[in-house]
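Novice: predicted coordinates and the sequence they were generated for:
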Amino acid sequence: MTPARIAELLVPFIGQYDQPEVSGLFASISTYIDILMRWNSRINLTAIRDPEQIVTRHFGESLFLARHLFPRGTSAIACPAEQSPAAAVSCALADLGSGAGFPGIPIKLWAPSSLLTLIESNHKKAAFLREIARSLTLTDINIQNARAETLPPATFDVVTLRAVERFDATLPVAARLLKPEGGLALLIGSAQVAQVRSLLPDHPFSHPLPIPLSTSRVLLMSKPSSGQEPEQ
């Protein structure tokens, strides 16, 4: 797929992309899709086979998160305020259960200077993530082929989660990985929001943001309590 077509498909999620600091975004996505399609014939990385749906469902959702996590001129969760996504130098971000790399690697493409850790316990999927990182020449990226429970606590500014099945087991693990002022960024179904709030009552969550082109998916972001009431 051409970078121009990818840019067109991503407009609902990130708008007309005109930020020169992050060069080659759409070309990198094109390369990523080629590798994903090739590997997907050997291991189960995604049930979506149509390249355009991969752009809108996987990259669109991931970059929608990235745009809100690193909006131009500020940072929405825990990282120091920056003037551009490319300047997110000191933000340590972990993608828990990274799978095919979503949303972690698209966030890295949006904010290249962020410090990204991909946590994936499946050996074959971890090998795929290494291939993507090598092919896209990504730096400051750490692929942990391990269970998140084995990693040191209080390590990351932001932990992302997507397509979570067992919130009761996964959310406490994600929260444990956060620094004291860190926050979560969750790509979930709207029907799951109440469960998330009940499982992590000490994390004030923002109002869920509807994801473009979806009738049921939302972005939910949090920070640990600082004495103020969460937005309901």
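Specialist: Looks like it arrived, so ask away.
Novice: CA atoms for contacts and neighbours, from now on please.
Specialist: Fine.
Novice: what residues does the strand ranked longest in the chain touch?
Specialist: Using DSSP state E, we find that the single longest strand of the chain is strand 178-189. By CA atoms under 8 Å, 6 or more residues apart in numbering, the residues outside strand 178-189 that reach it are 61, 65, 77-78, 153-164, 174-175, 216-224.
Novice: now do the strands in the protein.
Specialist: Counting by DSSP E, the strands of the chain are 92-96, 115-119, 141-144, 156-162, 178-189, 209-210, 217-221.
Novice: out of those, which comes closest to P12?
Specialist: Nearest to P12 among the strands of the chain is strand 209-210 (11.8 Å), distances taken as CA to CA.
Novice: low-confidence regions, the chain specifically.
Specialist: For the chain, the stretches with pLDDT under 70 are 17-23, 72-89, 224-232.
Novice: which residues in it form helices?
Specialist: All helices of the chain, identified by DSSP state H, fall at 3-14, 25-40, 51-53, 61-69, 104-110, 123-135, 167-176, 193-199.
Novice: for these, give me a markdown table that also has distance to G182 and mean neighbour count.
Specialist: Formatted as a markdown table, the helices of the chain follow (distance: least, CA to CA, whole Å; neighbours: other CA atoms under 10 Å):
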| stretch | distance to G182 | mean neighbour count |
| --- | --- | --- |
| helix 3-14 | 24 | 17 |
| helix 25-40 | 27 | 18 |
| helix 51-53 | 32 | 15 |
| helix 61-69 | 12 | 23 |
| helix 104-110 | 16 | 25 |
| helix 123-135 | 25 | 18 |
| helix 167-176 | 9 | 17 |
| helix 193-199 | 16 | 14 |
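Novice: okay, the ones you listed in a markdown table with distance to P212 next?
Specialist: Converted to a markdown table, the helices of the chain look like this (distance: least, CA to CA, whole Å):
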| stretch | distance to P212 |
| --- | --- |
| helix 3-14 | 6 |
| helix 25-40 | 19 |
| helix 51-53 | 13 |
| helix 61-69 | 8 |
| helix 104-110 | 17 |
| helix 123-135 | 26 |
| helix 167-176 | 24 |
| helix 193-199 | 17 |
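Novice: just the angle between the longest strand of the chain and helix 61-69, please?
Specialist: With axes from the mean of the first three to the mean of the last three CA atoms, to 10 degrees applied, the angle from strand 178-189 to helix 61-69 works out at 130 degrees.
Novice: strand partners (parallel or antiparallel) of strand 178-189?
Specialist: Strand 178-189 sits in its sheet next to strand 156-162 (parallel), strand 217-221 (antiparallel), going by DSSP bridges.
Novice: for F64, see how far away L219 is.
Specialist: In this view, L219 and F64 are 8 Å apart by CA to CA, to the nearest Å.
Novice: what sits in contact with each of these two?
Specialist: Each of I211 lies in contact with both L219 and F64 under the rule CA under 8 Å, 6+ apart.
Novice: hang on, the earlier thing: quick one, which of the contacts of strand 178-189 are buried?
Specialist: Among those, the ones that count as buried by 16 or more other CA atoms under 10 Å are 61, 65, 77-78, 155-162, 164, 174-175, 217-224.
Novice: just the CA coordinates of stretch 154-164, formatted as PDB?
Specialist: Only the C-alpha atoms of stretch 154-164 are listed here, as PDB (Å, rounded to 0.1, in the frame of the first residue of the first chain):
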ATOM      1  CA  ALA A 154       7.500   1.400  39.300                       C
ATOM      2  CA  THR A 155       9.500   1.500  36.000                       C
ATOM      3  CA  PHE A 156       7.400   3.300  33.500                       C
ATOM      4  CA  ASP A 157       5.700   6.700  33.000                       C
ATOM      5  CA  VAL A 158       3.000   5.200  30.800                       C
ATOM      6  CA  VAL A 159       1.700   1.600  30.300                       C
ATOM      7  CA  THR A 160      -0.600   0.900  27.400                       C
ATOM      8  CA  LEU A 161      -3.000  -2.000  27.000                       C
ATOM      9  CA  ARG A 162      -5.200  -3.000  24.100                       C
ATOM     10  CA  ALA A 163      -7.500  -6.000  23.500                       C
ATOM     11  CA  VAL A 164      -7.400  -7.100  27.100                       C
END
